[in-house]
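A.B. asks: sequence? don't have it. structure:
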């Protein structure tokens, strides 16, 4: 019988996590880099005590909001290409539930995230304990059951020895490229502190190998045949290109066969914007060049994308008879749009496809001049939008152009929600991989500032900029404090357009006169939110937290603030008022948002009629 060591369940969990590694292409990475947390009665004497006296190499980062710290952990894992994570711990009840939104963000984006919420007493002796949710029909239910529908693996540890099998399953999911997402182990607060004689074998170093899945011969042969028979194929680059470390192979494949490249939000920055075959963003937030090519493509080759509605323009972006090939490690994603599923790692698939197509002497039938013309027209449109001058104030596109030029091609930007993702996807010019970090699977407002902190943890030598609207900033900016506490400088570029203008624009485009989306005073005359804009001094607010802050109302002020921010030693915020409605839209795209079928407003009815016509061109089944 092997030797044992007596530890509390919390101590054993930390010791186990400290010995987990992943390996890809023979290179090892320590998988769990630390623990982010906020302590309460549900975890402070369990995991908290274990962290305080732990000799393991798991540093503790103190969050300021459970959702914020969990977003930072998600961003860290995304920026590290899913090869490293931070675990997140909270107390029971509200502290745990604050992490649910971030857990969903992780699962939707296929990002590993490990949640360790405190739970109610397994013994039930003091029930109902402070912050306990009681379910009269099922007393085993707690607030942590809310993690179940958005976790890829969930368990509640009601005895200390259960940790062993559950922790191994947790690692199985966290390190599986096809199955990864949020993993939740609910930890009753009494069980965290209970001791058990754990076998030393449980704490041995474990290396979880991320094996590059090879395509089957049959699927590869069919994919080669489809591409070889096509005249105008189109590559759609998704986030899987980054996670597979396949940016160079993607570009080489496109060059070898003359195939133009379009990109999703998650795939952006894998290909440099100035490459001749790069046609920009695709779909609802796409460029005129990429969307025109999508309409003409006879074969669409998806590389690590799940073909979400923004990528497919609610399934109207492509011609009805286009064939799809989807390269993905996850069968769930690979079969979407009735695609030929090439179940494989992106890099491995491209390495297999290239010699087979080259052996057939294949080359796409595009005329170089035609592609050059499409790209040139779009590049000039971006130049126009970046240079846009308005007498009333700063346009959003002009601000982004100045930022794009000023921060340098090695800096990382992060965004998630509002009108900014659309403009950044269309207009932002990325020159190097992993410099564009967009959370657009869940488009979670409040991700941006926390995400910037997580990215800075992942890449401490790079400048990191959160590009955020005033709506998202007001929802969640707490981890600015954590960035100061940890000495990890981030930069917040706050574009202030007085409200939730993205949805305000969408609302008006579908017949509304505008309702409930701007930050205005309530009118004493009408009772509506139609008074003057609320005057919010975001720079003063940031300074009150110890952040170096600026306000820029002109191009010259913006340029000066960006340069000053580079020299500051602490985190910075630049408050940039922009004119509402100066974002981009259109370019051959459409997004399904159903207008009301019955309304007293003729504009709404007209919008519904237009929607009905557009739906006739959409794929309806898959």
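C.D. replies: Received it, and whenever you're ready, just let me know what you need. Keep in mind that what you see is a predicted model, and the values were worked out from it rather than measured.
A.B. asks: So which bits of the helix or strand of the chain with the lowest mean pLDDT are buried?
C.D. replies: Sorting the helices and strands of the chain by mean pLDDT, DSSP states H and E puts helix 501-509 at the bottom, at a mean of 83. By neighbour count with 16 or more other Cβ atoms under 10 Å, helix 501-509 contains the buried residues 501, 502, 503, 504, 505, 506, 507, 508. The C-beta positions use only the backbone N, C-alpha and C, and glycine is treated the same way.
A.B. asks: Which single one of those is nearest to residue 33?
C.D. replies: Among the buried residues of helix 501-509, residue 502 lies closest to residue 33 (Cβ to Cβ), at 34.1 Å.
A.B. asks: Next up, the contacts around the closest residue to that closest one other than its chain neighbours.
C.D. replies: Distances taken as Cβ to Cβ, 6 or more residues apart in numbering put residue 419 closest to residue 502, at 4.0 Å, once the chain neighbours are dropped. Residues near residue 419 by Cβ atoms under 8 Å, 6 or more residues apart in numbering: 396, 469, 497, 501, 502, 505, 583.
A.B. asks: Among those residues, list the two that are farthest apart in space.
C.D. replies: Taking Cβ to Cβ, no two of these sit farther apart than 469 and 505, at 12.4 Å.
A.B. asks: on that earlier part again, want to try JSON lines for the buried residues of helix 501-509, with distance to residue 181 as columns?
C.D. replies: Shown next, in JSON lines, are these (distance: Cβ to Cβ, whole Å):
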{"residue": "501", "distance to residue 181": "31"}
{"residue": "502", "distance to residue 181": "26"}
{"residue": "503", "distance to residue 181": "27"}
{"residue": "504", "distance to residue 181": "32"}
{"residue": "505", "distance to residue 181": "32"}
{"residue": "506", "distance to residue 181": "28"}
{"residue": "507", "distance to residue 181": "32"}
{"residue": "508", "distance to residue 181": "36"}
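A.B. asks: rewinding a little: please list the outside residues in contact with the least confident helix or strand of the chain.
C.D. replies: 417-419, 422, 469, 471, 514-515, 517-518, 580-581, 583, 585, 593, 607.
A.B. asks: Of the residues you listed, grab the buried ones for ChimeraX.
C.D. replies: Restricted to buried positions by 16+ other Cβ under 10 Å, the ChimeraX selection for the contacts of helix 501-509 reads:
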select :417,418,419,422,469,471,517,518,580,583,585,607
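A.B. asks: Nearest to residue 350 among the contacts of helix 501-509?
C.D. replies: residue 422 (29.1 Å).
A.B. asks: which intervals of this protein have sub-threshold pLDDT?
C.D. replies: 1, 620-622 (pLDDT under 70).
A.B. asks: redo that, cut-off 80
C.D. replies: Counting by pLDDT under 80, the chain has low-confidence residues at 1, 56, 617, 619-622.
A.B. asks: check contacts around the residue nearest the centre of it.
C.D. replies: Centroid-nearest residue in the chain, with Cα atoms, centre = their mean: residue 439, separated by 2.3 Å. Each residue near residue 439 by Cβ under 8 Å, 6+ apart is listed here: 74, 75, 78, 105, 109, 414, 415, 416, 447, 451.
A.B. asks: and if you look at residue 142?
C.D. replies: Residue 142 touches 92, 119, 120, 132, 133, 156, 186, counting by Cβ under 8 Å, 6+ apart.
A.B. asks: That one - nearest residue in space that isn't next to it in sequence?
C.D. replies: residue 120 (4.9 Å).
A.B. asks: what number of residues lie near the one you found?
C.D. replies: A total of 29 residues lie near residue 120 under the criterion other Cβ atoms under 10 Å.
A.B. asks: So which residues of the stretch 101-250 of the chain form helices?
C.D. replies: 162-174, 189-193, 217-228, 239-243, 247-257 (DSSP state H, counting those that start in this stretch).
A.B. asks: Report all helices and strands that the second one contacts.
C.D. replies: Packed against helix 189-193 by the contact rule (3 or more Cβ pairs under 8 Å, 6 or more residues apart in numbering; DSSP states H and E) you find helix 9-17, helix 47-52, strand 113-119.
A.B. asks: Any idea how far it is from the middle of the chain?
C.D. replies: Chain-centre distance of helix 189-193: 33 Å, with Cα atoms, centre = their mean, to the nearest Å.
A.B. asks: Done for today, thanks.
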